[in-house]
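Visitor: sequence and predicted structure, then a few things I'm wondering about:
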Amino acid sequence: MSGIAFPSLFSSIALVSCLSSNPAHAAGPDENCAALSKIKAQLTEGTTLTALTPGQWNFLRGFYLGAPPTLQGKIPGTGAALIERKGSKGGMIVWARGLLACSPFPVPQALVDAIKRSKTGPLGEDGTEL
């Protein structure tokens, strides 16, 4: 996490407190989870939560499985979303499990850019993956 400034991101959306203070939504004993709807409701102006497309999801899965200490071969969700705040470098990934967002972790701007460039499915008229 060196070189990434997230204080404004954490304080602006209160994601960590939302996830850690909500044991009723826990997906497992070692995970912090909360309803995606609750996280979306706490987003402040300039903060976005974007579901990853199939191509972006596959890119992130490959990256995650190949990066220590995650070489155990287990993906912590069935999808993921990227949280970004305007003016901040980098972002945060949350793993999706149905209607829950779990195990948030910060990512550097270089990874955010690589995720956004990953397009493997059919593209719409505006160039975004369908």
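Guide: Good, I have the coordinates. Numbers count the residues shown, from 1 in each chain.
Visitor: what about Leu100, how many residues nearby?
Guide: Counted with other Cβ atoms under 10 Å, the burial measure for Leu100 works out to 22 neighbours. Using the backbone N, CA and C atoms, a C-beta is placed for each residue, glycine as well.
Visitor: same thing with the one 10 residues further on?
Guide: Here the count is done by other Cβ under 10 Å, and Ala110 has 10 residues near it.
Visitor: ok, Gln56 next?
Guide: As a burial measure, Gln56 scores 23 neighbours (other Cβ under 10 Å).
Visitor: per-residue confidence averaged over whichever helix in the chain runs longest?
Guide: Ordering each helix of the chain by length in residues (DSSP state H) puts helix 54-66 first. The average of the pLDDT scores along helix 54-66 is 86.
Visitor: which residues does Phe105 contact?
Guide: Contacts of Phe105 were listed using Cβ atoms under 8 Å, 6 or more residues apart in numbering, and they are Met92, Ile93.
Visitor: separation between it and Trp95?
Guide: For Phe105, the distance to Trp95 equals 9 Å [Cβ to Cβ, to the nearest Å].
Visitor: repeat that for Pro122.
Guide: Here the criterion is Cβ to Cβ. By it, Pro122 lies 25 Å from Trp95.
Visitor: so which of those two has more stuff around it?
Guide: Using other Cβ under 10 Å as the criterion, Pro122 and Trp95 rank with Trp95 on top: 22 against 9.
Visitor: for this protein, what spans make up the helices?
Guide: For the chain, helices defined by DSSP H occupy the ranges 7-13, 15-20, 36-42, 54-66, 109-117.
Visitor: check what pLDDT the residue lying closest to Gly77 once chain neighbours are set aside gets.
Guide: Using Cβ to Cβ, 6 or more residues apart in numbering and skipping residues adjacent in sequence, the residue nearest Gly77 is Trp95, 3.0 Å away. Here the pLDDT value assigned to Trp95 is 91.
Visitor: ok, the one 5 residues further on next?
Guide: At Leu100, the predicted lDDT confidence score is 93.
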